[in-house]
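Visitor: Sequence and predicted structure are below.
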Amino acid sequence: MQDFIQHLINGVSLGSIYALIALGYTMVYGILKMINFAHSDVYMVGAFAAYYFARWIGIENDPGLSTLLTLIVVSMICCSLLGLVIERLAYRPLRNSPKLNVLITAIGVSLFLEYSGQVVFGADPKVFPEVMKDFVIFNIGNVEVRSFDITVLAVGIVAMLALQFLLFKTKIGRAMRAVSANPMVASLMGVNPDRIIAFTFVVGSSLAGVGSVLVGMKYPKIDPLMGMMIGLKAFVAAVLGGIGNVGGAVIGAMIMGLSEEMVVAYLSSTYRDALAFGILIVILIFKPAGLLGKYSVEKV
Amino acid sequence: MKNLFLALLLTLPLLSGCTKKENEIVIGEYDSLTGSDATFGLSTNKGVRLALDEVNAAGGVKGKKISLITLDDQGKNEEAASATTRLITQNNVVAILGGVASGRSKAAAPIAHSHGVPFVSPASTNPDVTKVGDYVFRVCFIDPFQGLVMAKFASENLKVKKAAILRDVKNDYSVGLADVFSAEFKKRGGEIVTDLSYQAGDIDFKAQLTQIRSKNPDAIYVPGYYTEVGLIAQQARQLGLKVPLMGGDGWDSDKLYEIGKEAINGNYYSNHYTTESTDPAVTEFIKKFKAKYNETPDALAALGYDAAKILVAAIERAPDLSGKAIRDELAKTKDFPGVTGKISLNENRDAVKSAVVIQVDGNNRKFITTINP
């Protein structure tokens, strides 16, 4: 029983990491109907931005809330700028091209960032500064619940709620949904689709920035290819929950985290990823649009 | 006139290619200069360059300078294979120094063998690497030996009765060490309580570690690379697992302590050499390495250095520069006084030498004991 609770906590904590990244995928997809494969690499750049900034102003050995917040803000700013530049240079010129072209471009941007990262930052792993002290918050039996796990989970949920609010309760959110539904008609109604799309990228990329600092804090090893696997899993989580749906991304991420954990615990550690991705296939057979996704039939 | 000029232009590289060959011997090297285990490749490369610079400073071999062409395999098997092909077919190298990872050597060595070009791996410890053919050598000991050393160390020195294994399934090296450790440890009367796996690139190991914790082992064998081992140690301590972790030479990097911090201290791994050695060959090597690169050489740098020196010695002894002549001399290497111990190559073209057990103590590598073959 004690082990089961420990696995449960591990799974949720892993899931909340995926959730932070998955929200960014789902956000851009929801508005643009395009999968931004470069998202996980924007996340990587965010981690390095925080790493170099902390060293530059000398707070890498000064753990505390102020350090954490400073690094999150720095990382968010860097990621937003990078997101804007990518959108402006790589995606906007292809706005009216077939979807496939944009998808391939996104893969290109992703590879470009990964391998430029190896040249610029160096290929060897860097050690992320200690931004917060990890401590035990409370115990369930013999199982310790740690501050990092709670922080990541809380930030994930707050980010989800904030996105929901942004999309459904604000003017710009309405504009975003309008662009999502039909950019042409939206522009006739006085919405500037280019600006809305750029804003979407800023929001999505800053989420990656937040994620990168929290992951760096929890797993203090960063390298230019760190986005690859976590990005893939977060993407799968977003699809699982119904891509384009903010709540779905979080639910999908939790399912991914928990299933990976339980596969190791009760089946086989070798097939961890295979079985976790297998779950995706099974769910998509029964719910092709993901758990919370809406499957719309195109009317002719 | 124009045609003549063109013809001249075209022959120019050919001519220079010829003259280049006259007064230098070209050795090829591929290594992971980028990619996730780039520190391995960079270290090896530094060791190789130090050795060859020394040889050239002392007048070269057979009156010729040695030039080194290094290609990057990006940490990928297929890149290692294509780099080897390029070195042989385009650069006409006389011999190849391979990279660190066993998986990559397995992809590259058959190509060198089929072209009749001697291949010396500095640090690929998987047993199958030299089995591809008699042009393939290595200057390090093989996995069975490292697994054997740790099994012996665990049961004799640490008095471990129950051990758990956590291996990197994507990595031939890790799987090889784990298999041999498991067999030898059982032979010595120990019990393997659980044998779990992860994949290189993973950052969360708590699922496996929680499983291991429930089995109450006395020690955990984690024969992976430092990139993951640092995180594994941290997460193990967070879960309250206080038993020692043990590993192989894949742990050997200054980054291990930076990533693992306090959690990695006190754990043990087997290695090729120790900087604490008082052997003059070792102290001399460390001095020269520090002077050139301003850092302490790790085991891979030492192995790269030894591999290059053994290859050069064989080239020097060989009657000509043909692949066969160099191969035959390499095979005769006996009691070569290397930095990583006295190296003899046996009939399987593997090195026979001793191993050391190191305890992590901050950035120091505390020498615990030497274990002989």
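Guide: Noted; the coordinates are in hand. On a predicted model such as this, the values are computed, not experimentally measured, just so you know.
Visitor: Name the SS class of B:Asp204, please.
Guide: Of the three states, B:Asp204 takes coil according to DSSP: H, G, I helix; E, B strand; the rest coil.
Visitor: Secondary structure element holding the spatially closest residue to it that is not a sequence neighbour?
Guide: Closest residue to B:Asp204 apart from its sequence neighbours, by CB to CB, 6 or more residues apart in numbering or on different chains: A:Leu14 at 5.1 Å. Every residue, glycine included, has its C-beta placed from N, CA and C. Applying DSSP states H and E as the criterion places A:Leu14 in helix A:2-32.
Visitor: same deal with B:Lys65?
Guide: Taking DSSP H and E as the criterion, B:Lys65 maps to strand B:65-72.
Visitor: if you look at that strand, does any of it touch chain A?
Guide: No. Strand B:65-72 stays clear of chain A (CB under 8 Å from any CB of the partner chain), getting no nearer than 9.6 Å.
Visitor: ok, the helix or strand just after that strand near chain A or not?
Guide: Using DSSP H and E, the next helix or strand after strand B:65-72 towards the C-terminus is helix B:77-89. No. With CB under 8 Å from any CB as the criterion, chain A is not reached by helix B:77-89; the gap is at least 12.6 Å.
Visitor: Against which helices or strands is helix B:77-89 packed?
Guide: On a contact count with 3 or more CB pairs under 8 Å, 6 or more residues apart in numbering or on different chains; DSSP states H and E, helix B:77-89 meets strand B:24-31, strand B:65-72, strand B:95-97, helix B:102-114.
Visitor: Tell me the buried residues in that helix?
Guide: Neighbour-count burial for helix B:77-89 flags B:Glu79, B:Ala80, B:Ala81, B:Ser82, B:Ala83, B:Thr84, B:Leu87, B:Ile88 (criterion: 16 or more other CB atoms under 10 Å in any protein chain shown).
Visitor: coming back round to it: centre of the chain versus the strand holding B:Lys65, how much separation?
Guide: Here the centre of strand B:65-72 is set off from its chain's centre by 18 Å, with CA atoms, centre = their mean, to the nearest Å.
Visitor: swap in stretch A:160-175?
Guide: 18 Å.
Visitor: Buried residues, it. List them.
Guide: By 16+ other CB under 10 Å, the buried positions in stretch A:160-175 come out as A:Met160, A:Leu163, A:Leu166, A:Leu167, A:Gly173, A:Ala175.
Visitor: residue contacts, A:Met160?
Guide: Counting by CB atoms under 8 Å, 6 or more residues apart in numbering or on different chains, A:Met160 touches A:Ala19, A:Leu23, A:Val246, A:Gly247, A:Ala249, A:Val250.
Visitor: cutoff 10 Å now
Guide: Counting by CB atoms under 10 Å, 6 or more residues apart in numbering or on different chains, A:Met160 touches A:Ala19, A:Leu20, A:Ala22, A:Leu23, A:Thr26, A:Leu207, A:Val246, A:Gly247, A:Ala249, A:Val250, A:Ile251, A:Ala253.
Visitor: Now tabulate these in a markdown table and tack on pLDDT.
Guide: As requested, these are arranged in a markdown table below (pLDDT from 0 to 100):
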| residue | pLDDT |
| --- | --- |
| A:Ala19 | 91 |
| A:Leu20 | 89 |
| A:Ala22 | 92 |
| A:Leu23 | 91 |
| A:Thr26 | 89 |
| A:Leu207 | 91 |
| A:Val246 | 87 |
| A:Gly247 | 88 |
| A:Ala249 | 90 |
| A:Val250 | 91 |
| A:Ile251 | 92 |
| A:Ala253 | 92 |
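Visitor: out of the residues you listed, what pair is the most spread apart?
Guide: Spatial extent of the contacts of A:Met160 (CB to CB) is set by the pair A:Leu207 and A:Ile251 at 16.7 Å.
Visitor: Which one's more surrounded, the two?
Guide: A:Leu207 (33 against 21; other CB atoms under 10 Å in any protein chain shown).
Visitor: Make sure that one is indeed in a helix.
Guide: Yes. Remark: A:Leu207 belongs to a helix, assigned using three-state DSSP.
Visitor: Next, the contact list for it, please.
Guide: Neighbour list for A:Leu207: A:20-28, A:39, A:42-43, A:46, A:76, A:79-80, A:83, A:155-156, A:159-160, A:162-163 [criterion: CB under 10 Å, 6+ apart].
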